[in-house]
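S.K.: Sequence first, predicted model second:
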Amino acid sequence: MLGVQNHAQFMMSVMRNFRDKVRQMGAAQALSESLVQGPSYESVKAILDRTGYQLEIYIGKIPNEIYEDALIPLFEECGKMWDLRLMMDPLTGKNRGYAFVTYCDKNSAAEAAKKILLFSRFPKKIPQKNPYLIPF
């Protein structure tokens, strides 16, 4: 549900549309069709196999202080990279928190996607010690 701002309202509209479809066509015919219109799985898989779009992965939740000098060595461990696009905010000069990495082969892209899901090696901000705190 990317791009949906009000998830509850969207789900209610899907359920309301389904209820209306059941009333018009009957339950058996309404259940045989998909609830949300879109391309079939087979057609999307055929496009991916033909074009090789699987080589590009999305990286999200990047801290604003991280730039290409930290991202490139991290993702080069998975395989040979073709391109790294870090989205920047032109007003602040910091990154927007996401990037796209394109690899030269599918295995490297798959390994990088698994690596992103398994862990994050970005440094976290460490809270500074309070100088006025009295140790016990």
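M.R.: Everything's here; your move.

S.K.: Give me the buried positions along the longest helix along the chain.
M.R.: Using DSSP state H, we find that the single longest helix of the chain is helix 7-25. By neighbour count on 16 or more other CB atoms under 10 Å, the buried set for helix 7-25 is Lys21. To be clear about C-beta, it is placed using only N, CA and C from the backbone, and glycine gets the same treatment.

S.K.: Following element in sequence after that helix, please.
M.R.: Elements were assigned by DSSP states H and E; along the chain past helix 7-25, the next helix or strand is helix 27-32.

S.K.: List the contacts of that following helix.
M.R.: 18, 21-22 (CB atoms under 8 Å, 6 or more residues apart in numbering).

S.K.: and that helix, which residues are buried?
M.R.: For helix 27-32, burial by neighbour count (16+ other CB under 10 Å) applies to Ala30.

S.K.: Just the CA trace of it, in PDB.
M.R.: The C-alpha coordinates for helix 27-32 follow below in PDB (Å, rounded to 0.1, in the frame of the first residue of the first chain):
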ATOM      1  CA  ALA A  27     -20.700 -14.300  -4.200                       C
ATOM      2  CA  ALA A  28     -19.300 -17.100  -6.400                       C
ATOM      3  CA  GLN A  29     -18.600 -14.800  -9.300                       C
ATOM      4  CA  ALA A  30     -17.300 -12.000  -7.100                       C
ATOM      5  CA  LEU A  31     -14.800 -14.300  -5.400                       C
ATOM      6  CA  SER A  32     -13.500 -15.600  -8.700                       C
END
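
S.K.: Now it: average pLDDT?
M.R.: Averaged across helix 27-32, the pLDDT comes to 80.

S.K.: Just after that helix, pick out the following helix or strand.
M.R.: Per DSSP H and E, the first helix or strand lying C-terminal to helix 27-32 is helix 41-51.
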